[in-house]
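Student: predicted model follows, preceded by the sequence.
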Amino acid sequence: MPKAKVLVLRTAGTNCDLETAYAFKKVGASCQLVHINRLVSGETKLDKYNILAIPGGFTYGDDIASGKILANEIRFKLKKDVTNFVKNGKLIIGICNGFQVLVKSGLLPNTSGTAGELQATLSINDSGKFEDRWVYLKTYKSQITNHKCVWTKGIGDVIYLPVAHAEGKFIPKDTATLSEMKKNGQIVFTYCGKKGERPGYPENPNGSVENVAGICDTGGRVFGLMPHPERHIRTTQHPRWTRIQKKKRSLDGLQIFKNGVKIASKL
Amino acid sequence: MPTHRIEVRNKSGIFDVIGEGAKKDMLDIGIKGTKSVSFIRVYFIEADLDAKALDHICKNLLADPITEEYAFDRGFEIREKKDLHVVEVAYNPGVMDPVEESTKKALLDLGIKNIISVRTAKRYVIKGNFSKNEMDFITEKILCNKVIQHVPKPNEKQPTPPSYKFKLITVDMLGADDKTLMKIAKEGQLFLSLEEMKTIKNYFHGQGRNPTDCELESIAQTWSEHCSHKTFRGIIEYEEHGEKSKKETRTIKNLLKNTVMLATEELAKKWCVSVFKDNSGVIEFDKDYDVCFKVETHNHPSALEPYGGAGTGIGGVIRDPLGTGRGAKPILNTDVFCFGTPDTPFDKLPPGALHPKRVMKGVVSGVRDYGNRMGIPTANGAVLFDERYIGNPLVYCGNVGIMPKKYADKRVDPGDILIVVGGKTGRDGIHGATFSSGELTSESEATSSSAVQIGNPITEKKVTDTILQARDRDLYKAITDCGAGGLSSAAGEMGEETGVLVHLDRVPLKYSGLSYTETWISEAQERMVLAADPENVDELLSVFRKEDVEAVVIGEFTDTKMLELKYNDHTVAKLDMKFLHKGVPQIKRKAVWKKKSHPEPKKRSPGDLTKFLLNILSSWNVCSKEWIIRQYDHEVQGGSVLKPLQGVANDGPGDACVIRPRLDSDKGIIVSNGINFLYGLIDPYWMAASAIDEALRQIIAVGGNLDRVAILDNFCWGNTNKPHQLGELVRASLACYDIAKGYGTPFISGKDSLNNEYSVNGKSISIPSTLLISAMSVIDDVTKTISMDAKIAGNHIYVVGETFNEMGGSHYWKILGFTGNSVPRVNCKKGKILMSRLSSAISKGLAVSCHDCSEGGLGVATAEMAFAGGLGMDLGLKGAPQGEAIRDDATLLFSESNTRFVVEVPREKQKAFEKFMKGSSFGLLGATKKQSTFSIKGLGGKTIVKTDISKLKGAWQKPFSKKAN
């Protein structure tokens, strides 16, 4: 099987690039860290890759608003390359700051498939501050069964990942957008209690509308989430690994990378 | 060129987090009339833009289309009324606005060209009825810090920086008498003594000329306490009045060399790669990598501007590992703070001092925003409180780095090129090195504001990313950071052995108007200097250019052994390196240490100690700091193994932190700290000894060992010109030698911050002498480490180590209002064996949890293990080994004797554990249980503590959940 080729995008203030690349390598992908200037100048061609990963960090200091400046760079300078990438069935994952970039560049939720207008935002946490904590996530099911996301196939009902952000409160443009997203099966993860129950604070760490933690586009290939799957790919990252018996340990973040790489290697 | 005003605020119905935060701050501080606060972000864009362009900018960049609305040029119409106030806060001219650079870039991305400048301001719309005094208070003490900000007048124009016209300034020293010399020192904020001024005068006498201002400044920077540690290196006449009032006197020629550094020299550990010479201490990690560690303080800037001061504190210490060898990658931050208590009443504040709560919030968010943006986990720290820190808080920031072994050294040869990389130079931070060596006063806020800076972490992140790329391509030979003293220290140090010629006119500036001297001594942040072989310079510069990092050639290294500075064709300084670096006269000071006697409680302790245990758990120093810890990203880089918060609900207080710096290896690093100023009030010797013991205990508690532990000292002291202060410094240093030697743990780096006093109306308030010991250890297999939370019901709870009648400085006595005299001591010989036995037992898997016994003694340690694990305990003090006869339950429960641990051992491992520990003192206290009750029986068999773990945890979490945040 050919190796999946992953481009991990870097720019000023990116900071989860190495561990994201490590997670992809761990599941068999070949990975390159590429500065955005190289894509803009044409020195590196996006279409040589089959996964674009936008990792966590504080691109451009999150000045103005988190992810905004990088989102605009993609919107105004790389739009054609990125929309073609998506059109060709390739995969994108945005984690934390990467999710903010995908939402603010219109690539998510993108209910119409045109990636034009911005339909949602990720705003300052209700607590008013950056928080690092582990959260439970429920794979969104409700009445919708047409769950689209290719990145989360085979993932347990409730998984455990850390969040570390100051601006993660998901706010859709209006209720129609949210209904449309639900109808399309675009809501991937919601925050929940330990057993999947409705969360309060801090289970929902930021006050996201309807507890939304991760979403995908209508094709299920562009995926963004606030929690960090690359921070739960080995046992010792779990905050309670010293309490959990060996056979009961699971690596909840790893499956996401496996899924992406499995599909990408067939492209 | 017109300046356009753009305002952005939340649409109605969207929760205004920033406005709500400001409202909470006002209510917290007692301004009860506050009804609501809403927040408006203001941008000033200086450029020729029409309405269409402005609308484009607002819509696509500055305002979020989902949650925000905007107005440009006239802004939102808001009419001030009796109960509606508008306060606008802008940065002072010359203060760097961190948003400017990124916003300019974003405007270019939108296709908007010819932007002259971008600035920001904050506008608050406040509803409520306030008196004029209250309104002034809100403006000056909550919303604005006049050190960096002001309330702009209507239609205020940003002053255009004046252009600079070269004029060489010389200072008439040759003709100056002593009085004039001191006047020159004082007016120039040089903080030099008369003897030093006379030495300088003599040097220039020999040269047959007067110094330039720039030469005098260079000497002042290099000779400052901050840069040259002249107290530690000076001659000390030391007089000690021992406990039985015997008087001993001795002369110490160089305190640092004869204590801290001597221990390292005598221990001669092979794994010490570079100690006390580079920007951080370096030890071996594995066969391919070395790790380095540095801890610094940033106290005075943080007192004046907590956010900027603390941010640049962490930013500065990150550049130390980055400037070590040929550059280490920063992998871990630590921070330790000492503040006034957050509930200090306003009328108890000395004039000019910020409220401790404001200091704390500012410091925490400063470290948070800088550390998190750098992508470095902050996983270890401590916070202490005492009223003596109100005027002079302590902010210790540390950073660990890792580098391939071959990059652990550096060299500079004549002919190499000098390059400055990173931030541009501005007027910020002028006189930081000399300012930090002086005393804070109530006027410091007004006079020393140029010494305070705001950091830009993204610039530093870009610098770090590109420097590591250039390093891996071997494009430069040496690197150092621009810290205190700016270029003057960095280039001056780098060229010490060779000589260096610097062209000051080539240094990139933030704005015009800087003189050659200001350029030379500015402490503008985020700058590094490199020395490169001429043939690599083009390639090196292109590495930076490709990622938008400024890098400019500013000079070259020579073989003249001179510091030579030029501005265009004018020579503005020409100094012998030898005089600059070695010419400082050794100071001679007197030091006296005399043991003080403190009153002790007379009454016997009561039978029921539950209330006292709860009170200690709720005391500021012991209580949960989760509110702070969660604001730091402690998991970025993916190597987190033991996090600062542990247990069944992820909220128990971990001992040391453990990280895995190489994701593909099980080898790890353990980092811990020890600090307790209360012991220093009794005897700084035992404070230092206890701090080392505590830092080592934490390493052992997580499963580490003493085989490869390096430690760092950080002395924060009052004015050491006062013999009793210097006496305390000597006492503490002597312990550093004894204990480091005794445990076999060398010091690899350190720092001192002296003169931590706050003067009000001519009266100085000194901080308590405070020594922070930071420790770093290498562990072969991180999967063998254990956390502090009790794991399984029915397991045995042991105490390892002996308890003594050592209640001096204990938290139990503190809550009773006493300090006492019987300070905890350290016995290295016994301690070392005990720690090594316990360490092997843990690594063999015989213990499932272990907690270090420190503030609050056995009572606090067992309570914390129980509630962190969600398990009850039934314990009895009879089992606790006594180092001397103890009759009082409270003493056994709360004494803070060193080298003790509480250990949880599964029943089936009891025999094996006891076999391993044989020969050291240990005893069985009791067991864990499923039920949530927590009880302790005293020596006489009576129950002395009876409560529930939820009560214990509640008490421990209460202070920060209720009052602080």
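Tutor: That came through fine. What you see is a predicted model; the values in this text were computed from it and never measured.
Student: what sits against the closest residue to chain A within the stretch 851-965 of chain B?
Tutor: Nearest to chain A in the stretch 851-965 of chain B, going by Cβ to the nearest Cβ, is B:G869, at a distance of 8.0 Å. From N, CA and C alone the C-beta is placed, and that goes for glycine too. Shown in contact with B:G869 (Cβ atoms under 8 Å, 6 or more residues apart in numbering or on different chains): A:243, B:647-648, B:652, B:789-791, B:849, B:928.
Student: try 6 Å
Tutor: When the contact criterion is Cβ atoms under 6 Å, 6 or more residues apart in numbering or on different chains, the partners of B:G869 are B:647-648, B:789-791.
Student: show the model's pLDDT score for it.
Tutor: Per-residue pLDDT puts B:G869 at 98.
Student: B:E156 too?
Tutor: 75.
Student: next one: it from chain A, what distance?
Tutor: Distance, B:E156 to chain A, using Cβ to the nearest Cβ, to the nearest Å: 23 Å.
Student: what's the closest residue to that residue other than its chain neighbours sitting at in phi/psi?
Tutor: Leaving out its chain neighbours, the residue that sits closest to B:E156 by Cβ to Cβ, 6 or more residues apart in numbering or on different chains is B:A90, at 7.8 Å. Backbone geometry at B:A90, expressed as degrees, to the nearest 10, gives phi -130, psi 160.
Student: beta partners for B:A90?
Tutor: B:A90 has the following beta-bridge partners by DSSP bridges: B:A121, B:H150.
Student: check what pLDDT it gets.
Tutor: Confidence at B:A90, expressed as pLDDT, is 93.
Student: since we're on it, how many residues are nearby?
Tutor: 22 (other Cβ atoms under 10 Å in any protein chain shown).
Student: does it touch B:P152 like I think?
Tutor: Yes. Counting by Cβ atoms under 6 Å, B:A90 does reach B:P152; the two are 4.7 Å apart.
Student: what sits opposite the closest residue to chain A within the stretch 201-350 of chain B in the beta ladder?
Tutor: Here the residue of the stretch 201-350 of chain B nearest chain A is B:K329; by Cβ to the nearest Cβ that distance is 9.5 Å. Here B:K329 sits in beta bridges with B:I402, going by DSSP bridges.
Student: how close does it get to A:R38?
Tutor: Distance, B:K329 to A:R38, by Cβ to Cβ, to the nearest Å: 22 Å.
Student: so which of these two has more stuff around it?
Tutor: Neighbour count, other Cβ under 10 Å: between B:K329 and A:R38, B:K329 has more, with 21 against 17.
Student: now do that one, the pLDDT please.
Tutor: According to the predicted model, the pLDDT of B:K329 comes to 98.
Student: please apply the same query to B:T231.
Tutor: 88.
Student: also B:Q957?
Tutor: Confidence at B:Q957, expressed as pLDDT, is 97.
Student: residues contacting the residue of chain A at minimum distance from chain B?
Tutor: Chain B sits closest to A:N15 of chain A, with a gap of 2.4 Å, by Cβ to the nearest Cβ. Contact analysis of A:N15 by Cβ under 6 Å, 6+ apart lists A:57, B:375.
Student: how close does B:P301 sit to A:K26?
Tutor: To A:K26, B:P301 is 43 Å away according to Cβ to Cβ.
Student: ok, those two, which is more surrounded?
Tutor: Counted by other Cβ under 10 Å, B:P301 and A:K26 do not tie: B:P301 has more neighbours, with 28 against 18.
Student: I'd like the next helix or strand past the helix ranked longest in chain B.
Tutor: In chain B, taking DSSP state H as the definition, the longest helix is helix B:723-743. The helix or strand immediately downstream of helix B:723-743 is strand B:747-753, counting by DSSP states H and E.
Student: partner strands of the helix or strand following that following strand, with direction?
Tutor: Downstream of strand B:747-753, the first helix or strand assigned by DSSP H and E is strand B:757-760. Next to strand B:757-760 in the sheet, as set by DSSP bridges, lie strand B:440-441 (parallel), strand B:763-766 (antiparallel).
Student: in the longest one, what's buried?
Tutor: By that I understand strand B:763-766. Using 16 or more other Cβ atoms under 10 Å in any protein chain shown as the test for burial, strand B:763-766 gives B:764-766.
Student: could you look up the SS state of the most centrally placed residue in chain A?
Tutor: Centroid-nearest residue in chain A: A:G224, 2.6 Å away (criterion: Cα atoms, centre = their mean). Using DSSP: H, G, I helix; E, B strand; the rest coil, the structure places A:G224 in strand.
Student: may I ask which of the contacts of B:G869 has the most neighbours?
Tutor: With neighbours set by other Cβ under 10 Å, the maximum within the contacts of B:G869 is found at B:A790, which has 32 neighbours.
Student: what's the nearest residue to that residue if we skip its chain neighbours?
Tutor: B:G869 is the one closest to B:A790 (Cβ to Cβ, 6+ apart), at 3.1 Å.
Student: ok, the one you found to B:G926 distance?
Tutor: 14 Å.
Student: I figured B:R326 hits B:K406, correct?
Tutor: No. Counting by Cβ under 6 Å, B:R326 sits too far from B:K406 to count as a contact (8.4 Å).
Student: what about the two, which has more around it?
Tutor: More crowded of B:R326 and B:K406, by other Cβ under 10 Å: B:R326, with 25 against 11.
Student: contacting residues around the residue of the stretch 551-700 of chain B found nearest chain A?
Tutor: In the stretch 551-700 of chain B, the residue that lies nearest chain A is B:G638 (3.2 Å; Cβ to the nearest Cβ). By Cβ under 6 Å, 6+ apart, the residues touching B:G638 are A:19, A:231, B:663.
Student: the spatially closest residue to it that is not a sequence neighbour and A:K25, how far apart?
Tutor: Using Cβ to Cβ, 6+ apart and skipping residues adjacent in sequence, the residue nearest B:G638 is A:E19, 3.2 Å away. Distance of A:E19 to A:K25, given as Cβ to Cβ: 10 Å.
Student: what does the stretch 551-700 of chain B have sitting close to chain A?
Tutor: B:630-631, B:633-635, B:638, B:640-641, B:643, B:650, B:663 (Cβ under 6 Å from any Cβ of the partner chain).
Student: please disregard the earlier target; I meant chain B.
Tutor: B:17, B:21, B:64-67, B:99, B:102, B:106, B:109, B:368, B:372-373, B:375, B:458, B:461-462, B:547, B:630-631, B:633-635, B:638, B:640-641, B:643, B:650, B:663, B:786-787, B:791.
Student: show me these that map onto strands.
Tutor: B:640-641 (DSSP state E).
Student: filter the residues of chain B next to chain A to the buried ones?
Tutor: Among these, those buried by neighbour count (16+ other Cβ under 10 Å) are B:17, B:21, B:64-67, B:99, B:102, B:106, B:109, B:368, B:372-373, B:375, B:458, B:461-462, B:547, B:630-631, B:633-635, B:638, B:640-641, B:643, B:650, B:663, B:786-787, B:791.
Student: state the helix or strand in which the closest residue to the residue nearest to the centre of chain A other than its chain neighbours lies.
Tutor: Leaving aside its sequence neighbours, A:G224 sits nearest to A:F99 (Cβ to Cβ, 6+ apart; 3.5 Å). Following DSSP H and E, one finds A:F99 within helix A:97-104.
Student: give me the residues contacting that helix.
Tutor: The contact list for helix A:97-104, computed with Cβ under 6 Å, 6+ apart, reads A:54-57, A:59, A:66-68, A:70-71, A:94, A:108, A:120, A:122, A:224-226.
Student: could you dump it to CSV, C-alpha only?
Tutor: The C-alpha coordinates for helix A:97-104 follow below in CSV (Å, rounded to 0.1, in the frame of the first residue of the first chain):
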residue,chain,number,x,y,z
ASN,A,97,-6.1,26.4,16.2
GLY,A,98,-6.4,24.4,12.9
PHE,A,99,-10.1,24.0,13.6
GLN,A,100,-10.4,27.8,14.1
VAL,A,101,-8.6,28.3,10.8
LEU,A,102,-11.0,25.9,9.0
VAL,A,103,-14.1,27.6,10.4
LYS,A,104,-12.8,31.1,9.8
